[in-house]
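A.B. asks: sequence isn't available, so here's the structure alone:
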Ligand SMILES: C=CC1=C(C)c2cc3[nH]c(cc4nc(cc5[nH]c(cc1n2)c(C)c5CCC(=O)O)C(CCC(=O)O)=C4C)c(C)c3C=C
Ligand code: FES
Ligand SMILES: [Fe+2]
């Protein structure tokens, strides 16, 4: 029986917000073998000796930081110069990024749920493919080939689409696939964004409610919610990148879930280098609000699915600890929260039932994009 027709699915599907379909295709049917689900993300150094390579790969990525003809040489130089400072940051958060640990946990738990929710496509096998740290896309694809995977879902772990994040990961996946799987034996579909998925929204709302309980009931509705997302260079915003609008959509959905009981703002963190970035900056906003007498603030990291240096170092150590005000706190990250694992499984389930190769939004390139790799990788994934 199709899961779509089961009473359970009939109850679940109306909660989901579809972002539209691209070309519909073959993918809801099982090929008989396992369904590979690949969590795409940037990754982070698991230990201090991995910091330099992580930074090198990051600065060598022209989809993230276009440095022109001498990208590779410049990347080596910038990584070398930046490594000592960033190593210190990772030391201060316990010696490495927890992103691999969380991603592997999320993949495993999500697949367990999917095996019972979608027996037609079982067994589900979870993989992690990072852009700048191990396991890199190439290593993961080799592993999938060894495991005999013929049907796979590339599932971005950035809920809001940016060409510099999900776009870069998909471009890399396409390049590696072309090299290692020239006959396209693995059939791919793509979950390219899920910024307003109801499970994601409800989990954020729950984590905010949990944090609000730490305040005295008399001040609870006066707490300001500061949603903080990684900023983008204005050059990327002006290229037409969809990320700022999609982050705002997540924030608005979470506030709707919370019935707009608290005042809120969306602010932007982690800008790097001297160019213009999207603001207002999180650190400036916290300082300014505290100065104005607003001393009860919850920072909510809204654009990343697990803890990383930007939450554990920048928010916790540089902004919250520096503020020296008890009322300035941070909502927990999604990490291994059971509601979040349910949400991940639900996103995939919905994707399987839709049978689309990607969301309708993925088909549109940035108006100002001049990169061939973007159109090639789009064409590859959309024609599956
Ligand atoms: C949604 C999340 C992110 C977006 C969008 C994003 C865009 C973006 N980032 C840089 C430059 C750097 N980012 C760095 C680290 C970093 N970036 C994100 C997330 C997004 N970046 C995370 C979670 C992390 C930390 C990873 C971890 O290990 O925990 C860094 C390296 C750190 C540093 O040197 O300060 C750089 C550089 C650009 C230019 C950009 C948009 C174009
Ligand atoms: S940069 Fe957005 S599609 Fe190429
Ligand atoms: Fe970044």
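C.D. replies: Right, received. Where do you want to start? Keep in mind it's a predicted model, so treat the numbers as computed, not measured. Ligands and ions are numbered 1, 2, ... in the order given.
A.B. asks: tell me which parts of the stretch 251-384 of the chain are close to ligand 2?
C.D. replies: With the criterion set to C-beta under 6 Å from any ligand atom, the stretch 251-384 of the chain comes near ligand 2 through 365-366, 369, 371, 374. Every C-beta, even on glycine, is put in place using the N, C-alpha and C of the backbone.
A.B. asks: show me what from the stretch 101-250 of the chain comes close to ligand 2.
C.D. replies: 163, 167, 239.
A.B. asks: what about the first one, neighbour count?
C.D. replies: The local packing of residue 163 (other C-beta atoms under 10 Å) involves 23 other residues.
A.B. asks: quick one: contacts of stretch 212-228?
C.D. replies: Stretch 212-228 is contacted by residues 208, 247, 250-251, 254-255, 258, 261-269, 282, 285-286, 289, 294, 296-302, 315, 327, 329 when judged by C-beta atoms under 8 Å, 6 or more residues apart in numbering.
A.B. asks: rerun that using 6 Å as the cut-off
C.D. replies: With C-beta atoms under 6 Å, 6 or more residues apart in numbering as the contact definition, stretch 212-228 has outside contacts at 251, 261-267, 269, 282, 294, 296-302.
A.B. asks: what about it, start to end distance?
C.D. replies: Start to finish, the residues bounding stretch 212-228 are 17 Å apart (C-alpha to C-alpha, to the nearest Å).
A.B. asks: quick one: what helix or strand has the closest residue in space to residue 318 that isn't next to it in sequence in it?
C.D. replies: Excluding its sequence neighbours, the residue lying closest to residue 318 (C-beta to C-beta, 6 or more residues apart in numbering) is residue 283, at 7.0 Å. Residue 283 belongs to helix 282-291 when assigned by DSSP states H and E.
A.B. asks: does that helix reach ligand 1?
C.D. replies: No. Judged by C-beta under 6 Å from any ligand atom, helix 282-291 stays clear of ligand 1, getting no closer than 13.2 Å.
A.B. asks: quick one: contacts for residue 67?
C.D. replies: With C-beta under 6 Å, 6+ apart, residue 67 has these contacts: residue 74.
A.B. asks: distance check, the residue nearest the centre of the chain against ligand 2.
C.D. replies: With distances taken as C-alpha atoms, centre = their mean, residue 158 lies nearest the centre of the chain, 1.7 Å away. Plainly put, residue 158 is 14 Å away from ligand 2 if you go by C-beta to the nearest ligand atom, to the nearest Å.
A.B. asks: and that residue, which of the three is it?
C.D. replies: Of the three states, residue 158 takes coil under DSSP: H, G, I helix; E, B strand; the rest coil.
A.B. asks: excluding chain neighbours, what is closest to residue 153?
C.D. replies: Nearest one to residue 153, counting by C-beta to C-beta, 6+ apart, is residue 37 at 4.9 Å.
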